[in-house]
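# show me the folded form of this:
(chains A, B, C and D)
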Number of protein chains: 4
Amino acid sequence: MTGSTRHGAVPAPLSLTFETYAHVREQSLALALSLSDADTTVQSMEDASPAKWHLAHTTWFFETFILKAHAMSYDEFHSSYNFLFNSYYDAVGERHARPRRGMLTRPSLDDVKAYRAHVDRAMGQLFEAGVEDEVLPLVELGLHHEQQHQELLLTDILHLFAQNPLMPAFRAPQPLPMASDRSGSLDWLSFDGGIVEIGAKADGFSFDCEGPRHDVLLRPFELASRAVTNGEWLSFMAAGGYDTSSFWLSDGFAVARDHGWRTPLYWFEKEGAWWSMTLRGAQPVDLQAPVCHVSFYEADAYARYAGARLPLEAEWEHAASAQSVKGNFADQGQLRPRPQMSEANETGEAGRLHGLYGDVWEWTASAYAAYPGFRPVEGAVGEYNGKFMSGQMVLRGGSCATPAGHMRASYRNFFHPDKRWQFSGLRLARDLVKDKSDA
Amino acid sequence: MTGSTRHGAVPAPLSLTFETYAHVREQSLALALSLSDADTTVQSMEDASPAKWHLAHTTWFFETFILKAHAMSYDEFHSSYNFLFNSYYDAVGERHARPRRGMLTRPSLDDVKAYRAHVDRAMGQLFEAGVEDEVLPLVELGLHHEQQHQELLLTDILHLFAQNPLMPAFRAPQPLPMASDRSGSLDWLSFDGGIVEIGAKADGFSFDCEGPRHDVLLRPFELASRAVTNGEWLSFMAAGGYDTSSFWLSDGFAVARDHGWRTPLYWFEKEGAWWSMTLRGAQPVDLQAPVCHVSFYEADAYARYAGARLPLEAEWEHAASAQSVKGNFADQGQLRPRPQMSEANETGEAGRLHGLYGDVWEWTASAYAAYPGFRPVEGAVGEYNGKFMSGQMVLRGGSCATPAGHMRASYRNFFHPDKRWQFSGLRLARDLVKDKSDA
Amino acid sequence: MTGSTRHGAVPAPLSLTFETYAHVREQSLALALSLSDADTTVQSMEDASPAKWHLAHTTWFFETFILKAHAMSYDEFHSSYNFLFNSYYDAVGERHARPRRGMLTRPSLDDVKAYRAHVDRAMGQLFEAGVEDEVLPLVELGLHHEQQHQELLLTDILHLFAQNPLMPAFRAPQPLPMASDRSGSLDWLSFDGGIVEIGAKADGFSFDCEGPRHDVLLRPFELASRAVTNGEWLSFMAAGGYDTSSFWLSDGFAVARDHGWRTPLYWFEKEGAWWSMTLRGAQPVDLQAPVCHVSFYEADAYARYAGARLPLEAEWEHAASAQSVKGNFADQGQLRPRPQMSEANETGEAGRLHGLYGDVWEWTASAYAAYPGFRPVEGAVGEYNGKFMSGQMVLRGGSCATPAGHMRASYRNFFHPDKRWQFSGLRLARDLVKDKSDA
Amino acid sequence: MTGSTRHGAVPAPLSLTFETYAHVREQSLALALSLSDADTTVQSMEDASPAKWHLAHTTWFFETFILKAHAMSYDEFHSSYNFLFNSYYDAVGERHARPRRGMLTRPSLDDVKAYRAHVDRAMGQLFEAGVEDEVLPLVELGLHHEQQHQELLLTDILHLFAQNPLMPAFRAPQPLPMASDRSGSLDWLSFDGGIVEIGAKADGFSFDCEGPRHDVLLRPFELASRAVTNGEWLSFMAAGGYDTSSFWLSDGFAVARDHGWRTPLYWFEKEGAWWSMTLRGAQPVDLQAPVCHVSFYEADAYARYAGARLPLEAEWEHAASAQSVKGNFADQGQLRPRPQMSEANETGEAGRLHGLYGDVWEWTASAYAAYPGFRPVEGAVGEYNGKFMSGQMVLRGGSCATPAGHMRASYRNFFHPDKRWQFSGLRLARDLVKDKSDA
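Residues are numbered from 1 along each chain as shown, chains lettered A, B, ... in the order given. So this is what the prediction gives:
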């Protein structure tokens, strides 16, 4: 998919308060604090959307699927907004063409903020009046949808600012952490094969494509204890990685050559050193941090260069599911404006897996496809649930731009294999070959 | 050319005051009064530029060619602005790619206004200190350059607003004039052939491509007393004009078919009536007003449909030169936000020519080329003077968006034959066939 | 992939005679019998290759990997042919750009035939002298490679002839079979789930991507007893299938709309009836025959319309492996110039599966990816073995254009999901839901 | 225009015999003698047409406008040929799309030769029966049309062969002339200004765009005695001509950069020397020969580099009209497969102008436009006469590929300014500045 988000609630017993709603919604506004009317209007490429559009579209979701459908006497904010801020719900009427989102200098950012306030007020009234059981899952879905767009807003703003020769900083620059070997040595953690279960469990929220939970047959494998770092990527570059066709998928090598890829996206050379455009403006490349803004094609080529492979999504989920993820709507904290190598937060084998959540999305070797028994949810909300299951690759984990409560082991992110503007990196895997006597 | 402006002063004895300078400069700011930061940032197509860019680029002209070159101790406003707001002067350094002008959400509109104020202050100081004789023509050139961009700013804003489904109005809508037959009947005014002079005279400002003044040989011809109207264009449409290949140049017919042209740009049908997007928002098409926003290809096809032809630029200038143009920097008035059929302001044959100046630019049959003996001015200001003499057609007169002091008989405007976003229309011409005994 | 073929022999004990070699090679020439020099030269689109190129490239394979590498004193036929007829083996030197293959009016078809004869003579001498054990698998690989190109030659010639308003026939037209209900009713055959083995077995030839043989976990499923027919496709069309976005993958719907797809490729309407361009020229659409020349996107949309899904490749192979395939190099018979509904050739459950081999390639729901433990063969022949495992979908079975000895249960054909010029159709599958008490 | 030819006879009293007809027609076939079926089928780019198409289209002209319209009982050769070989005559029915001409592997070259023989026989019968006066001008027009296509056939075959890495020769290679200074020194010949007449005279054949004959006003000018040579072009290259933006029109510099132009078309470097692909295969660049295969943009840039300009077409014609051209249908001789510097064939000032006819077409500074009073001929033959008068530049003279009887002072060839595959070069002009006392 190209910057779109996706929905499809699975029913869940819920206790969701207006405070939680308000907390998530405020988080979106907080992201726009340092942005001007113009910053939030421009669309820097077809894959991206203007920040204003993210702020309005998430609001449109609550207006359309909850207030118009379930509130007693809701007054629509503006009759044209359904047309302007619908993304891909054909069932809800015509919509403004995606590549022309950047033409909308009106409504202004202030108009959109007023739209948000209007809808939030009405949502408050709805909560006060008491939300019906069937509506609560839609609200929860809307909040997860909002969180997806919080990450996309950051992703797209970085892309926009990177087009500007002035390289403006979204957040104030910050010194790098001390140059100790923070990334640590790379260990290989081994996992047995066999039939294991993956997919979302009944408890807690998930998007419909995360289920049904089902059996998969795994072979014994190993997973790297941490993501590939910028320093390692420099070695790949120095080894001629971008020029060695035998590392690459055929399509990938063609794309890399056509676009002149020589480094991850946003890197540039200045006075003999590598820099990268980040949400904190231009920063020296941190050798110990995970490499970020690489495409699937590059990740796959790196893995072949390193004598390894990308993990299957089932391998990743199986390995990660032993490690609990902290965070929910309530404790959603500050987004980090740059990937850093985070610590593992668990003991045990899986606990030695560093940086699964919150540094970079990790490309897997799995094409995005329906799980066995997958059925789209009925109606407009679910209208497009399986529509993107073509030509895209699954990413797992979560990045420095992902809200804390929005990461879980079963989460399936997906993008086309040539996309680089997401906060995407990689972790290596390999087949586990036992003793020769076992082979 | 595609929305670029062009320079090249011819020396002229001048008395130019700071008041005149300030007057023209303020006029630009006045145009931006109703525009938001976002409105002035977005580039709606490659041919267009953001309003902010127009405001900054015209300022850059004075900063670069006058203040940096001739002021005692000028402090550059910002070191990156030369890169950002240079348009096509290779000699003055690298420049920001034209199609990426819409990425510059920073500097903001307020920053650009501060830039204008900074430069205007310095220009005031320069005038106070006394401007050298050699510099005055550059100031005058800068003001004409500014006026060109005033029209382009309006042209580009209309294009931007026309992309927005909300169709915002740049100026408050206004009722149409009463529906009397304002356009009047079409008369044919005849002109003798022979050797006549065209080109800019020594007195008064002109761009270099308007000279040298030289002889041309004209054959007897007739010119329509007014421009083709919207009402007449509807007849062309009703007669299948857009589908009849024999009216069209081969390239034009292909372009019209590829782009699906069925009407002038900005027209649309609503409840059985024709409307047009204008600077006053969506308005019913005024049948008596000159048709506007047609390409050369369409104008040429219309002329063939009407059994006539477009005038040569020399014919136009010869006919128009008998008619004086009122207006200079000082009395530059309110731009009109829509073409209307204006009155002739002279008596005599040429005086019966209505609407030469101030309604629509009139396409001619002449390709834009060098006049005999043309030589580009030396140095950076003149660097690109003749560069656009390829593939473009000359337009004459001036439109409702042209500043009053910016129109004259010798003025050569030029655009590619497929461009429609300018305020461009047409006036018919035809060969004058005398008595059969003369033929 | 886009018309390329792929290699990678797995070692096999072989008894391969020159007669077999000659038989397969002659089959290629036989395909060209009705073709002119011009017919074999033109490249009708980038995906396709000229017939002459197919004839030369397959010959180049034997020359390069066998004669130059293993024959005592082989005289190269022409020094430039390595450049001209190499397809994608970077290790073997530079190559002529794929989209420019149609520029090669020289060498002529006669030159290419002479090239074939030259290489065949040298291969005869090699066989006479006795082929080393290590070389025999390369010869076998070359013959399978040749068979792939035999099918592609037919596929590409049909595409070329379909561009010609004269719609020439590759083979003489033939009356349709009698209009009995040859396709029969559609039955659903059920298969148990569990762990099953798929992938090529050690005995017999296979391409490397068909292995390693490995376990997969299947859920209970049903497979349609025959492919979807033209008659059924007409119902899909009549039901607005091409206009109903909810049937389609998002990418697929966009492609269908952009290309104006309303029918399978090569269909056209004439005097109220549906016709199709075929290797026998224009023919009425046979309602009982399998639909052919549909893309994956269309096949997938049809399955959703029919309340079913496409089979996984593992399901297909598991179901098909119970059914033996007749045919090897020796009994390679006449290719059929049009899909027809063929009979099942086995008894038993799998035996009731009609038309698995020899009608149309059947799109599966599986993206083309490496089997667990897949390793490319070393060296130039295997250089690109896994390179195409991105963005393509697996097809199974074989078409009317596939040589008889070239079909097997483990064969993995693959093309991008928007390609339609292959002889590609579909067979439906669905999840097997047991008794309600089990659900 | 892009490879199309154009018509429009002006009536002329004629004595045209079948021998003349047959002579011109045979000349076309002679050009195809060394070409294979495939050579004559492939279309190497959209601007070019297959040789087979040229041979058939010229035949279609006689069949359609003469035999079908004026012969008693003509049997159409094939009902589909009107569709296949019509070029741009909308009035004569639908036509096969230009860019798809290369898909027509059928009809074969032999079929087209049979078509030619069929039409020639019928034309013979028509001549025997006596051709009506009104038809003879159409026959003459057809023969000039045929001659245009003879040149285009050569132009297009060279382009096709240049795409082939084998660089086949259309004619046997030939040693270069001895390396004496054949081009001679460059002299400037001066011409007075004043009112002069240009345009086709009543006697002899001309295309309609060559008239009406009319007065033009010229200023005193000078013309170079010969065309610019390859040796001089090398100096331009060595001086950084392709990199110096100030020599170039803005559009031209962009095109040159986008296409990576560094030399004339068909040049390549081999072992430190410059070679060029020609109709005689690859040949060393002849320093004394006129530069060929340059675009208008390059020619214009060269002129500016040389401190000169391109001539106006009226200047060229005025200068050339003093020099008679030998040649008519009857003595049409061998086309030369390469430009050489030919001798002047007249005494007097104009007689000192070398190489006006038969080396290279010479780009002028004049956009292709209607002469005053121009009127298209009525009916299908004239349907498109003025259609190409947009965006193209006039070339004058004639090239080594132009039939001898097809060159005259008033002839207006025209192509878009970026086209290079024609046999196009340039001759310099400059304003004549008399004594300073006159200035």
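# which residues sit against the strand or helix carrying A:Arg396?
Using DSSP states H and E, the element containing A:Arg396 is strand A:393-397. Under the criterion C-beta atoms under 8 Å, 6 or more residues apart in numbering or on different chains, residues A:296, A:313, A:316-317, A:320, A:355-368, A:407, A:411-417, A:422, A:424 lie in contact with strand A:393-397. From N, CA and C alone the C-beta is placed, and that goes for glycine too.
# equivalent analysis for stretch A:154-172, please.
By C-beta under 8 Å, 6+ apart, stretch A:154-172 touches A:3, A:31, A:34-35, A:39, A:42, A:44-45, A:48-51, A:54, A:266, A:277-282, A:335, A:337, A:401, A:421-423, B:80, B:83-84, B:96, B:100, B:103-107.
# quick one, which of those residues are buried?
Buried subset of the contacts of stretch A:154-172 (neighbour count, 16 or more other C-beta atoms under 10 Å in any protein chain shown): A:3, A:31, A:35, A:39, A:42, A:44-45, A:48-51, A:54, A:266, A:277-282, A:335, A:337, A:401, A:421-423, B:84, B:96, B:103-107.
# which ones, among the contacts of strand A:393-397, also lie beside chain B?
Subset of the contacts of strand A:393-397 in contact with chain B: empty, counting by C-beta under 8 Å from any C-beta of the partner chain.
# which ones among those residues lie within helices?
A:Phe296, A:Glu313, A:Trp316, A:Glu317, A:Ala320 (DSSP state H).
# go ahead and confirm A:Ser321 touches A:Tyr411.
No: using C-beta atoms under 8 Å, A:Ser321 makes no contact with A:Tyr411, being 11.4 Å away.
# who has more neighbours out of these two?
It is A:Tyr411, of A:Ser321 and A:Tyr411, that has more neighbours when counted by other C-beta atoms under 10 Å in any protein chain shown, with 23 against 17.
# so the more buried one makes contact with A:Gly398?
Yes: counting by C-beta under 8 Å, A:Tyr411 does reach A:Gly398; the two are 7.1 Å apart.
# any weak-confidence spans in the stretch 151-300 of chain A?
A:175-183 (pLDDT under 70).
# get me the contact residues on chain A for chain B.
A:36-42, A:44, A:80, A:83-84, A:96, A:100, A:102-109, A:160, A:163-166, A:168.
# now with 6 Å, please.
By C-beta under 6 Å from any C-beta of the partner chain, the residues of chain A that approach chain B are A:36-39, A:41-42, A:103-106, A:108, A:163-164, A:166, A:168.
# mind listing the strands for chain A?
A:188-191, A:194-198, A:214-218, A:221-224, A:267-270, A:273-278, A:281-284, A:361-367, A:393-397, A:413-415, A:424-425, A:429-431 (DSSP state E).
# packed most tightly, which of the ones you listed would that be?
Stretch with highest mean neighbour count among these: strand A:424-425 (a mean of 30; mean count of other C-beta atoms under 10 Å in any protein chain shown).
# residue ranges with poor pLDDT in the stretch 301-439 of chain A?
A:324-335, A:342-351, A:378-385, A:434-439.
# quick check on the residue in it positioned nearest to chain D: phi, psi?
Closest to chain D within the stretch 301-439 of chain A is A:Asp418: 23.6 Å, counting by C-beta to the nearest C-beta. The phi and psi values for A:Asp418, taken as degrees, to the nearest 10, are phi -100, psi 0.
# now the one 4 residues further on
Backbone dihedrals for A:Gln422, given as degrees, to the nearest 10, come out at phi -70, psi 160.
# how much space between it and chain B?
20 Å (C-beta to the nearest C-beta, to the nearest Å).
# that residue and A:Leu67, how far apart?
31 Å (C-beta to C-beta, to the nearest Å).
# cool, and A:Asp133?
17 Å.
# and these two? which has more neighbours close in?
More crowded of A:Asp133 and A:Leu67, by other C-beta under 10 Å: A:Leu67, with 21 against 9.
# so the residue of the stretch 301-439 of chain A closest to chain D is in contact with A:Val255, correct?
Yes: the criterion here is C-beta atoms under 6 Å, and A:Asp418 meets it with A:Val255 at 5.0 Å.
# next, count neighbours for A:Arg375.
When neighbours are counted by other C-beta under 10 Å, A:Arg375 registers 14.
# got it, and A:Phe207?
Look at A:Phe207: counted by other C-beta under 10 Å, it has 22 neighbours.
# is it in a bridge, and if so with what?
Judged by DSSP bridges, the bridge partners of A:Phe207 are A:Ala9.
# how much space separates it from A:His144?
Taking C-beta to C-beta, one finds A:Phe207 at 7 Å from A:His144.
# mind listing what A:Trp60 touches?
By C-beta atoms under 6 Å, 6 or more residues apart in numbering or on different chains, the residues touching A:Trp60 are A:Phe85.
# give me that answer again for 10 Å
A:Trp53, A:Phe77, A:Tyr81, A:Asn82, A:Leu84, A:Phe85, A:Asn86, A:Ser87, A:Tyr89, A:Val92, A:Tyr115, A:Val119 (C-beta atoms under 10 Å, 6 or more residues apart in numbering or on different chains).
# closest one of those to chain D?
The nearest one, if we look at these relative to chain D and count by C-beta to the nearest C-beta, is A:Trp53, at 33.3 Å.
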